[in-house]
Structure formats: structure tokens, C-alpha cells
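> Fold the following for me, if possible:
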Amino acid sequence: MFERFSSGYYLGELYVEPHDGERAVIQRADHEHVNEQLYADGKGVERLDAPLVMKVGGGHIPVGGDDDVPSGTLAIPQEIADETLPDRRNVLLADADRAETLLRWEGWEPHVNA
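Sure thing, here's the model as predicted:
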């Protein structure tokens, strides 16, 4: 789904569409798979519900999982969607270190086990 793009990001192509929710989401199974493959360090119990951090357009957004979103789709809140959506787009996914930094700026503790 995502391939290494640079030292801090992976690149993938997703169908991006607006939705009425308050946060950005992808299909829960996709979210858990990407979280496990790219964010888990393999040293213990990992949170597979930790937000992924994606860069869409000019901004970073935390992305959760939702069973109602089709696989390969990123649903973003209406307020940050632009008039070109829905559309297939290249999406950058922050790697684990960059995601942790970005989430900490927002006050989230990504490596605290629940």
C-alpha cells in the first residue's frame, strides 16, 4: 500500500473522499496492517489503534481506522476537503519517528500502551 519515499515518509495512492466525520479515517483492517508493518517496533505489545499521520495537500492529519470505509480509501472531514474531491491522490505517510513527533506536538502519546 505504501513504499518508502524519503527519509521521513512513505508514498501511497489512495482514493480520497470527503465525509461527515470529525477525523480522517481509512478502513480499520488497512489501518491496523499499516500500523503493524510501519509503526510497530516489535519489542512488545503495540497499539494498532494509534493514529497514522498522513500528509494530504499541504497539511498533516492524524488518521484512524473505521470499519465503514472501503479498503484503499482515505475519508477526510468536509472542512478540510477541497472541491476536487473525490479523487485518487498520492498520499504521504509519515514514518514512525516523524509521526511520533507530529502527534506529540498535538499532545498525543503514541507509544503509551492501553
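> use CA for all of it now, contacts and neighbours both
Will do.
> And the pLDDT at R47?
The model reports R47 with a pLDDT of 68.
> all helices for this protein, in order.
In order along the chain, the chain carries the following helices (DSSP state H): 28-34, 96-105.
> Of the ones you listed, which is nearest S7?
Go through the helices of the chain one by one with C-alpha to C-alpha and the one that ends up closest to S7 is helix 96-105, at 9.5 Å.
> packing partners for the closest one?
Taking 3 or more C-alpha pairs under 8 Å, 6 or more residues apart in numbering; DSSP states H and E as contact, the helices and strands that helix 96-105 lies on are strand 52-56.
> For the strand it packs on, list the C-alpha coordinates in CSV.
Written as CSV, here are the backbone C-alpha positions of strand 52-56 (Å, rounded to 0.1, in the frame of the first residue of the first chain):
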residue,chain,number,x,y,z
LEU,A,52,-1.3,7.1,11.4
VAL,A,53,-0.1,10.6,10.2
MET,A,54,-0.7,11.4,6.6
LYS,A,55,0.2,14.4,4.6
VAL,A,56,-2.6,15.3,2.1
